[in-house]
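Student: Fold the following and give me the result.
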Amino acid sequence: MPLKDDPRITKGLARLRAKGLRVAFEELEVDRWAVIGIDITSIVNYIKRTIEKEIFYPNIYVYVDLENKIIEIHVWRGSTPQKVRELMLTEKQREELLREYAKLKQGVTT
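Tutor: Below is the predicted model of the structure:
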């Protein structure tokens with residue numbers, strides 16, 4: 001039986017996808033060896049959602065600084081601090097660029 005058809009594998013992949021993770025499966029040798037890949041961006045978003053669910057505070061922003069390999073959890077009272085607004089804007093711009101890059105990449109490969 002191919003690994004992709006093994007119920008333990010298919011259920012595991014379904015559980016990962018249900019958590020919002022983008023998962024790819026590639027069988028390298030039929031019935032013997034496969035690789036499961038998980039998109040890093042989806043892992044980061046999963047971690048952010050998990051953290052936000054655990055801290056019960058209305059003003060929270062989770063920022064993942066990949067360059068410095070740190071997760072910053074910002075909490076505040078009153079209006080959103082300027083630095084947090086800048087981080088939010090920067091993150092939105094980065095996400096838009098990544099979406100555009102993915103669209104371009106799909107256009108080239110198809």
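
Student: Can you say which helix or strand has residue 101 in it?
Tutor: For residue 101, the element it lies in under DSSP states H and E is helix 82-109.

Student: From the chain's centroid, how far away is that helix?
Tutor: Its chain's average C-alpha position is 13 Å from that of helix 82-109, according to CA atoms, centre = their mean, to the nearest Å.

Student: Over to stretch 35-47?
Tutor: Remark: stretch 35-47 is offset 5 Å from the chain centroid, using CA atoms, centre = their mean.

Student: what about the nearest residue to residue 36 once chain neighbours are set aside, is that helix, strand or coil?
Tutor: Ranked by CB to CB, 6 or more residues apart in numbering and with sequence neighbours excluded, the top spatial neighbour of residue 36 is residue 25, at 5.6 Å. (C-beta placed from N, C-alpha, C; glycine too.) Assigned with DSSP: H, G, I helix; E, B strand; the rest coil, residue 25 falls in the strand class.

Student: quick one on the thing from earlier: return the list of helices and strands in contact with the helix holding residue 101.
Tutor: Helices and strands touching helix 82-109, as assessed by 3 or more CB pairs under 8 Å, 6 or more residues apart in numbering; DSSP states H and E, comprise strand 60-65, strand 70-75.

Student: which one of these has the lowest average pLDDT?
Tutor: Averaging pLDDT over each of these singles out strand 60-65 as the lowest, with a mean of 89.

Student: what's in contact with that one?
Tutor: 44, 47-48, 51-52, 71-75, 80, 84, 87-88, 91 (CB atoms under 8 Å, 6 or more residues apart in numbering).

Student: Try it again at 10 Å.
Tutor: With CB atoms under 10 Å, 6 or more residues apart in numbering as the test, strand 60-65 has contacts from 41, 43-45, 47-52, 54-55, 70-76, 80-81, 83-85, 87-88, 90-91.

Student: you'd agree residue 2 is up against residue 33?
Tutor: No - if you go by CB atoms under 10 Å, residue 2 and residue 33 don't touch, sitting 11.0 Å apart.

Student: Figure out which of the helices and strands packed on helix 82-109 is closest to residue 100.
Tutor: Set against residue 100 and scored by CB to CB, the helices and strands packed on helix 82-109 come closest in strand 60-65, at 20.0 Å.
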